[in-house]
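J.: Below are the sequence and a predicted model; questions follow.
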Amino acid sequence: MLVNQFLILAAVLFCIGVYGVIARRNAVMVLMSIELILNSVNINFLAFALRNGSIDGHVFALYIIAVAAAEVGVGLALVLLVYRNRKSIALDELSEMKG
Amino acid sequence: MFAEASTVAHEALSSGWFLEHAFLIPIIPAVAFALIIFFGKKLPMKGSELGVLSMVASLVFSVGAALQWITRVNGATEEQFIDPVIRSWTWWNSGGFEFGIGQHIDGLSLTILVVVAFISSLVQIYSLEYLRGDRRYTHFFASLTLFSAGMLNMVVAENMIQLILGWEIMGLCSFMLIGHWWEEGANSRAALKAFFTTRTGDIGLLVGTSVLFFSANSWTQEHLGVSGFSIRGLSAWALTGNPGHAAITVGAVALFIACIGKSGQFPLHTWLPDAMAGPTPVSSLLHSSTMVVAGVFLVARLYPVFFEGMNIFGSGVNLITLIGGITIVIAAALAFVQTDIKKVLAYSTVSQLGYMMMGLGAGAWMPAVFHIFTHAFFKACLFLAAGSISHSASHHSFEMKKDMGGLRKFMPITFTTWIISTLALCGVFPFAGFFSKDEIIDNVGHNGYTVFMVVGLIGAFMTAAYMTRATYLTFFGEPRGASAGESHDDHGDAHAAHDTHDAHDSHDAHASHGPHESNLLITVPLMILATLALGAGLFNATPFGESWERMTKWVEPRSVVVEDMAHASVGETRGVRTEDTVAPELMMSAAPAETAAGEEAPVGEAPHAAEGEHGAHAESVCGTSTPEIGTCYAPQLHHAPFKWSKAAMSVIIVLVGMLLSWLISVQMYTKKSGFFVGLTSRNKLLALGYGFLVNKYYLDHLYEKVIVHGIAHPIAKAAYWVNQNILDGIVNGAGLVTRRVAGWVYRNVDQRVVDGAVNGSGAVARGTGNALRPVQSGKVSQYGALLFAAAAVAGLVLIIVNT
């Protein structure tokens, strides 16, 4: 089984996702990057599920997909509200939480 | 990886490249879809050429496969079961279950493949002109191509999972296509309605598939080496007599609910007329060969399951015939009160689908499948003709009363093709509809469903009447509204978005030109379809004798017991067991005994054997008991002998319907006779019926106001009550207790012990806070960077510690 390749793919995806979260200003792009991270985790789960021949990883991945869908829903709702209030979704302008 | 099981036993059956590679048929348009989406806009014809080419390629592959199948059938002996060409690969593995993907090609799937590919090609060619200049031209062709790919995939499907895949692709694409002009609120509502209504039925598909899988899997694995999703496996399993009655009944009913949703049967037909909001080529494709036929196809595909589950032949009524019969009549009645030409055609489709379902439910498998075949041609032609009218004459309006009339002079080709297709739809000899519809009615009666034969005849009468009314309003009398050259400010209904875009090109000429014939890209598909509406009946012309029943020979699966792989030795002569394998009478106990004794032998059926003798044989009859040494893939069906007297009766009924409707239409719409005009508002009873019909039996009210509102409202109310009384009560109670405890704690513990500690730690915290303040920048990305950096450091530490 080509577990290594799966893991490398997942790692690459994860890094792209992290880069996106850190470097992007657009809130929607950040949400998408978070999706990438979640999916890289999914790939890890599936890779190990295949190696161990168990179904647990598949089930976990399905749950992650469902939860990710909910998370995106909430995230987009937040983005929408932010946009209505400020006419912008650039994250670096949202610094009211500054200490 | 192939499932070679099917082909080993009968080396004699010929095959060929196209048959073995039929799985390519849906793949071609699927690939074309991806290409159009990604590169379509850069191509010279905006991607439409890819769509048309892929459909033509699919058509070539389908026809090639069909010809090779015919060779295969012709090369087989009379008593031989013609094995479908099955190939299957592993799609994915999960939890010990293997899910396959592949092809299951037999006469039925080839018939539908050819029809779908053919109609899709013509519709795409027609759309080149009809949607010229549309703002989402490329997108439209992409969706249309994927739509056909979905249907083709469903038709070649080897197992239920693959079938569901195609089914759902169609659901998605119908949503996209119906809502193509989504800028109009009504269009996007119609798209949503179509999607949700069919989804309601789709639950049945999932439930049915699961029920059948878990009931059948062990049997099919043991006997055929295929999973319980396999169509071949399910067909064989259903006919063994093994399956528990409950399992197969529940499975069949659940699957049939899916068919009700998809094929627009009562009571889930309400989405179909609303789906007219889409562009006309979409309506044409949706209503003739794809989407709505999917449900009928599913019943025909898994016929053994429905046959056993619904106990067809077992009594004078079952769920399928009942739903089909109701659908025929209620939809036909609704067609009378429509003023929109496409809605008339939509209800006509619903009604014709009712015929197909009724035929399948009553054991008239072949006529029903043949009706799918012929109906596709003439219904596609009618829709495209309606599109041609709106495109070139009535200024994008579909209102017959307001904007049409007298068009036969201006649009001779459209008019001729419309008339031919209308005659075919009504079932007038020798047009295509006669050979299929009349056969359904005839066979339904023959199989003991007398009530439904009468329903079929009433339906034929109504069909003739409402089509005559629509024809009269559209093509006869004086031109009205837009057809008479009046310009419209609002540009009809659905086309507003469409028109704003192409205001610069030839479309704008309509206002000055008045009605005229459409150009060749529109009329050529119309003429081709009209030719088929005239001649397609000859593929299975029962009246002309057995040699004309080609479709019956090529398409209908033969009911014989096939030896199991486990027991069969390869190359064994197959004629030996003929006496055991022929099934003289399927329903030994349940079918009316007089049917068995009195009628002529159905076509292709082997000589009768003494019934008592056969009852003792465990392995003898398909579907009545467990075949010990063999498997059976198709139930034994009867064919009604053709009688000119019966045919003449139904044709006369149709002609009377046309004549009556014509006379009334002339009085009502041209002479404005005082008796007919306003009759529905004067007579109380008629007014009641008219209101009932105009409001579509109040089914939409029922679904939206009563069911959705009724379920959502009490749930919301109950949740509110729970919130107010129980949750708040708990919270308030807890609050009260907490306050009392807190007061005591405050006086005794807090003031004395804690404050000292707090003040000390507060000073520490303030110091730390001041030191860390710069880190709290409020910038999310900086937090993220810190988080991931910390995680990376932690990971690094973990690795170093562990090694």
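T.: Now that the structure is in, tell me what you want to look at.
J.: CA only for contacts and neighbour counts going forward, please
T.: OK.
J.: mind listing the strands in chain B by residue range?
T.: Assigned strands in chain B, in chain order: B:85-94, B:97-105, B:561-563, B:630-632 (criterion: DSSP state E).
J.: With mean neighbour count added, can I get those strands in JSON lines?
T.: Supplementary listing: the strands of chain B in JSON lines, determined by neighbours: other CA atoms under 10 Å in any protein chain shown:
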{"stretch": "strand B:85-94", "mean neighbour count": "16"}
{"stretch": "strand B:97-105", "mean neighbour count": "21"}
{"stretch": "strand B:561-563", "mean neighbour count": "23"}
{"stretch": "strand B:630-632", "mean neighbour count": "25"}
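J.: what's the closest of those to chain A?
T.: Of all those, the one in closest proximity to chain A, counting by CA to the nearest CA, is strand B:85-94 (6.7 Å).
J.: what mean pLDDT would you report for that closest one?
T.: Averaging pLDDT along strand B:85-94 gives 81.
J.: tell me the contacts of B:Val293?
T.: Residues in contact with B:Val293 (CA atoms under 8 Å, 6 or more residues apart in numbering or on different chains) are B:Lys262, B:Ser263, B:His287, B:Leu353, B:Ile372.
J.: Point out the least confident member of those, please.
T.: Confidence by pLDDT is poorest for B:His287 among the contacts of B:Val293, given 83.
J.: B:Leu425: which of the strands of chain B is closest?
T.: Ranking those by distance to B:Leu425, with CA to CA as the measure, places strand B:97-105 first at 29.0 Å.
J.: The closest one: how far from the chain's middle?
T.: Taking CA atoms, centre = their mean, to the nearest Å, one finds the center of strand B:97-105 at 21 Å from the center of the full chain.
J.: and if you look at stretch B:163-177?
T.: Chain-centre distance of stretch B:163-177: 9 Å, with CA atoms, centre = their mean.
J.: try stretch B:211-228
T.: 26 Å.
J.: same question, stretch B:304-322
T.: Here stretch B:304-322 is found 20 Å from its chain centre; the criterion is CA atoms, centre = their mean.
J.: which residues sit against that stretch?
T.: Identification of contacts with stretch B:304-322 by CA under 8 Å, 6+ apart yields B:234-236, B:238-239, B:245, B:248-253, B:256, B:299, B:357-363, B:447-450, B:452, B:587, B:590-591, B:623, B:633-635.
J.: quick one on the thing from earlier: now the contacts of B:Val293 as CSV including neighbour count?
T.: As requested, the contacts of B:Val293 are exported to CSV (neighbours: other CA under 10 Å):
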residue, neighbour count
B:Lys262, 30
B:Ser263, 30
B:His287, 28
B:Leu353, 30
B:Ile372, 25
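J.: which among those are in contact with chain A?
T.: Among the contacts of B:Val293, no residue is within reach of chain A (CA under 8 Å from any CA of the partner chain).
J.: Turn the residues you listed into TSV, columns for distance to A:Asn52.
T.: Listed next are those as TSV, based on distance: CA to CA, whole Å:
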residue	distance to A:Asn52
B:Lys262	41
B:Ser263	44
B:His287	49
B:Leu353	50
B:Ile372	49
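J.: Just give me the closest of those residues to chain A.
T.: Of the contacts of B:Val293, the one sitting nearest to chain A (CA to the nearest CA) turns out to be B:Lys262, at 26.9 Å.
J.: For that closest one, list the residues it contacts.
T.: Applying CA under 8 Å, 6+ apart to B:Lys262 gives the contacts B:Thr198, B:Gly201, B:Asp202, B:Met291, B:Val292, B:Val293, B:Ala294, B:Gly295.
J.: show me the contacts for the residue lying closest to the last one once chain neighbours are set aside.
T.: Put plainly, it is B:Gly295. Once its chain neighbours are removed from consideration, B:Gly295 has its nearest residue in B:Cys259; the separation is 4.0 Å (CA to CA, 6 or more residues apart in numbering or on different chains). B:Cys259 sits next to B:Gly201, B:Gln265, B:Ala294, B:Gly295, B:Val296, B:Leu298, B:Val299 when contact means CA under 8 Å, 6+ apart.
J.: before we move on, the earlier item: I'd like to know which of the contacts of stretch B:304-322 are part of helices.
T.: With DSSP state H as the criterion, helices contain B:234-236, B:238, B:245, B:248-253, B:256, B:299, B:357-361, B:450, B:452 from among the contacts of stretch B:304-322.
J.: so where's chain A shaky on pLDDT?
T.: Residues of chain A meeting the criterion pLDDT under 70: A:1, A:97-99.
J.: Flag every residue of it that's near chain B.
T.: Taking CA under 8 Å from any CA as the criterion, the contact residues of chain A with chain B come out as A:18, A:21-24, A:54-55, A:58, A:91-99.
J.: Considering only chain B, name the residue that lies closest to chain A.
T.: When you check chain B against chain A by CA to the nearest CA, the closest residue turns out to be B:Gly778, at 4.0 Å.
J.: Quick check: pLDDT value at that residue.
T.: We note a pLDDT of 71 for B:Gly778 in this prediction.
J.: Against A:Ser33, how distant is it?
T.: For B:Gly778, the distance to A:Ser33 (CA to CA, to the nearest Å) stands at 20 Å.
J.: The two: which has the busier surroundings?
T.: The neighbour count for B:Gly778 versus A:Ser33, taken as other CA atoms under 10 Å in any protein chain shown, is higher for A:Ser33 (23 against 18).
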